[in-house]
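J.: Based on what follows, work out the 3D shape:
(one chain, ligands or ions: 1)
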Amino acid sequence: MAPIEKLEQLYEGKAKKVYKTTDPDIVWIEYKDSATAFNGLKKEEIPNKGILNNRITALFFQYLEERAIPTHFVELLNDREMLVKALEILPVEVVVRNRAAGSLGKRIGQEEGTLLPKPILEFYYKDDGLGDPMINEYHIDAMGWATKEQMIQVKEIALQVNSLLIDLMEQVNIDLVDFKLEFGLHKGQVLLGDEISPDNCRFWDQETKERLDKDRFRHDLGGIEEAYQEILRRLESKLLT
Ligand code: UDP
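T.: Numbers count the residues shown, from 1 in each chain. Below is the predicted model:
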């Protein structure tokens, strides 16, 4: 088969660019160094963030694929780029929470870091103009954002990903506090899409409780690049042996 070539840009998001390729089923992703928070109000360039998130995401997706999770991941190309299956993204962001952090602590009256008795799934409508409002499965069904059958799969995959990632991160002394997933349809099949990186997960060092994720950017804690580098280092020490 002829090698896949990069064609014109299809889309530029906050953290990634997406290009068409010579294969209509595959898109080319380039990870940027831009960081945004608070619905785009806070914006900065973090040196090497794109490289770190590209590599971290590839490691997580390979780990998940090897454990039967259906993902869009195809191949890591180089420092900043990967190939993934073209998805029709469902406009629903899925947040999985294992500990109270951020807004959840306030909503349910639990202190930051409290272990939840079970994982909690939340859904948000993926719409920057509306600020990604929280929704439930009735909104999703009524508005046709995903079918009930698709949501059964989304929830099952999200919870399986959670168990697999808790297990992996435990082995490198990281608490998986919460994270956000996105799903899409490829030839009618529900696949896990987007990225899994410190940009959309909360990773706490189990001993020091140090935040090794985007909260360092959100709350001006400094050492962002170093924290992402540390996540990559620990994952490589476990997965590339
Ligand atoms: N998250 C994300 N993108 C979003 C919203 C949330 O990646 O647009 C991630 C975030 O990094 C965290 C989890 O989802 O790991 C929960 O985030 P949220 O902002 O809902 O948390 P809160 O601060 O409200 O607890």
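J.: Smallest distance to the ligand belongs to which residue of this structure?
T.: When scored by CB to the nearest ligand atom, the chain has residue 102 as its residue closest to the ligand, at 2.1 Å. (C-beta placed from N, C-alpha, C; glycine too.)
J.: Now that residue. Its backbone dihedrals?
T.: Per-residue torsions, residue 102: phi 50, psi -130 (degrees, to the nearest 10).
J.: got a list of what it touches?
T.: By CB atoms under 8 Å, 6 or more residues apart in numbering, the contact set of residue 102 is 178, 202.
J.: distance of it from residue 2?
T.: The gap separating residue 102 from residue 2 is 47 Å, by CB to CB, to the nearest Å.
J.: Residue 171 too?
T.: Taking CB to CB, one finds residue 171 at 40 Å from residue 2.
J.: who's more crowded, those two?
T.: Using other CB atoms under 10 Å as the criterion, residue 171 and residue 2 rank with residue 171 on top: 13 against 6.
J.: Quick check: the more buried one touching residue 239?
T.: No: counting by CB atoms under 8 Å, residue 171 stays clear of residue 239, with 9.7 Å between them.
J.: model confidence over stretch 127-145, on average?
T.: Averaged across stretch 127-145, pLDDT comes to 97.
J.: the helices in this structure, which residues?
T.: Counting by DSSP state H, the chain has helices at residues 49-65, 103-108, 137-143, 148-170, 215-218, 224-239.
J.: winner for burial among those?
T.: Highest mean neighbour count among the helices of the chain (mean count of other CB atoms under 10 Å): helix 49-65, with a mean of 22.
J.: contacting residues around it?
T.: 15, 29-35, 71-73, 76, 79-82, 161, 164-165, 168, 192, 195-199, 224-225, 228-229, 231-232, 235-236, 239-240.
J.: Spatially, what comes nearest to the residue nearest in space to the middle of the chain if we skip its sequence neighbours?
T.: Centroid-nearest residue in the chain, with CA atoms, centre = their mean: residue 196, separated by 3.2 Å. The shortest distance from residue 196 to any non-neighbouring residue, by CB to CB, 6 or more residues apart in numbering, is to residue 60 (4.2 Å).
J.: Do you know the pLDDT at the one you found?
T.: Residue 60 carries a pLDDT value of 98.
J.: hmm, who's touching the lowest-mean-pLDDT helix or strand in the chain?
T.: One helix or strand of the chain scores below all others by mean pLDDT, DSSP states H and E: helix 103-108, with a mean of 94. The contact list for helix 103-108, computed with CB under 8 Å, 6+ apart, reads 97, 100, 110-112, 114, 120, 178.
J.: switch the cut-off to 7 Å
T.: 97, 100, 111-112 (CB atoms under 7 Å, 6 or more residues apart in numbering).
J.: Then stretch 127-146?
T.: Stretch 127-146 has contacts (CB under 7 Å, 6+ apart) with 39-40, 90-93, 122-126, 148, 151, 154.
J.: coming back round to it: where among the helices of the chain is average confidence lowest?
T.: Among these, helix 103-108 scores lowest, at a mean of 94.
J.: roughly how far out does it sit from the chain middle?
T.: Relative to the chain's own centre, helix 103-108 is displaced by 21 Å; criterion: CA atoms, centre = their mean, to the nearest Å.
J.: for the ligand, what are the nearby residues on this protein?
T.: 95, 101-104, 132, 178-180, 200-202, 214 (CB under 6 Å from any ligand atom).
J.: Which among these count as buried?
T.: Buried by 16 or more other CB atoms under 10 Å: 95, 101, 104, 178-180, 200-202, 214, out of those.
J.: Would you point out the most distant pair within those residues?
T.: In terms of CB to CB, these reach their longest pairwise distance at 104 and 214, which sit 16.3 Å apart.
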